[in-house]
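[1] Give me the fold of what follows.
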Amino acid sequence: IPFDPEHISLFSAANRCIQLLTSSAENKDIEITNQIPIKTVIYADEQMLDTILRNLINNAIKYSHPGNKVIISSEDLDDSIVIHVEDFGMGMNH
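    As a prediction, this is how the structure comes out:
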């Protein structure tokens with residue numbers, strides 16, 4: 001798989017994935033909120049990032065109880081950005 005990193009807006013990437021999954025979320029009455037700061041820019045392969053975000057958000061929708069929400073956020077840690085996809089489903093054991 002070719003790796004083609006570039007500087008991209010994490011907020012915009014998350015919004016693209018949210019738009020693709022809106023109908024799935026609406027079917028379960030799940031609200032998806034993008035809390036990533038608008039100015040957050042990361043260096044990543046856009047297609048790989050989209051695939052990862054789509055999978056995480058899709059799983060959050062799938063395992064959430066109807067009427068709940070999914071929150072996407074990020075955290076700036078030194079020289080990296082941590083992406084959080086939080087849902088309020090049943091959870092899993094570690």
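[2] residues in contact with Ile36?
    By Cβ atoms under 8 Å, 6 or more residues apart in numbering, the residues touching Ile36 are Leu10, Phe11, Ala14, Ile72, Ser73, Ser74, Ile83. In this view, the C-beta of every residue, glycine as well, is placed from N, C-alpha and C.
[3] same deal with Ala14?
    Counting by Cβ under 8 Å, 6+ apart, Ala14 has contacts Asn34, Ile36, Leu53, Ile72.
[4] what's the answer for Asp50, then?
    Here Asp50 is in contact with Ala13, Arg16, Cys17 (Cβ under 8 Å, 6+ apart).
[5] mind exporting the helix or strand hosting the first one as PDB, just the C-alpha atoms?
    Ala13 belongs to helix 10-27 when assigned by DSSP states H and E. C-alpha atoms of helix 10-27 as PDB (Å, rounded to 0.1, in the frame of the first residue of the first chain):
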ATOM      1  CA  LEU A  10      -7.800  16.700  11.000                       C
ATOM      2  CA  PHE A  11     -11.100  18.500  11.600                       C
ATOM      3  CA  SER A  12     -12.000  18.300   7.900                       C
ATOM      4  CA  ALA A  13     -11.000  14.700   7.600                       C
ATOM      5  CA  ALA A  14     -13.300  13.800  10.600                       C
ATOM      6  CA  ASN A  15     -16.100  15.800   9.000                       C
ATOM      7  CA  ARG A  16     -15.800  13.900   5.800                       C
ATOM      8  CA  CYS A  17     -16.100  10.600   7.600                       C
ATOM      9  CA  ILE A  18     -19.000  11.900   9.700                       C
ATOM     10  CA  GLN A  19     -20.900  12.900   6.500                       C
ATOM     11  CA  LEU A  20     -20.400   9.400   5.100                       C
ATOM     12  CA  LEU A  21     -21.800   7.800   8.300                       C
ATOM     13  CA  THR A  22     -24.600  10.200   9.000                       C
ATOM     14  CA  SER A  23     -27.400   7.900   7.800                       C
ATOM     15  CA  SER A  24     -26.100   5.000   9.900                       C
ATOM     16  CA  ALA A  25     -26.100   7.300  13.000                       C
ATOM     17  CA  GLU A  26     -29.500   8.700  12.200                       C
ATOM     18  CA  ASN A  27     -31.000   5.200  11.900                       C
END
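[6] Much appreciated, bye for now.
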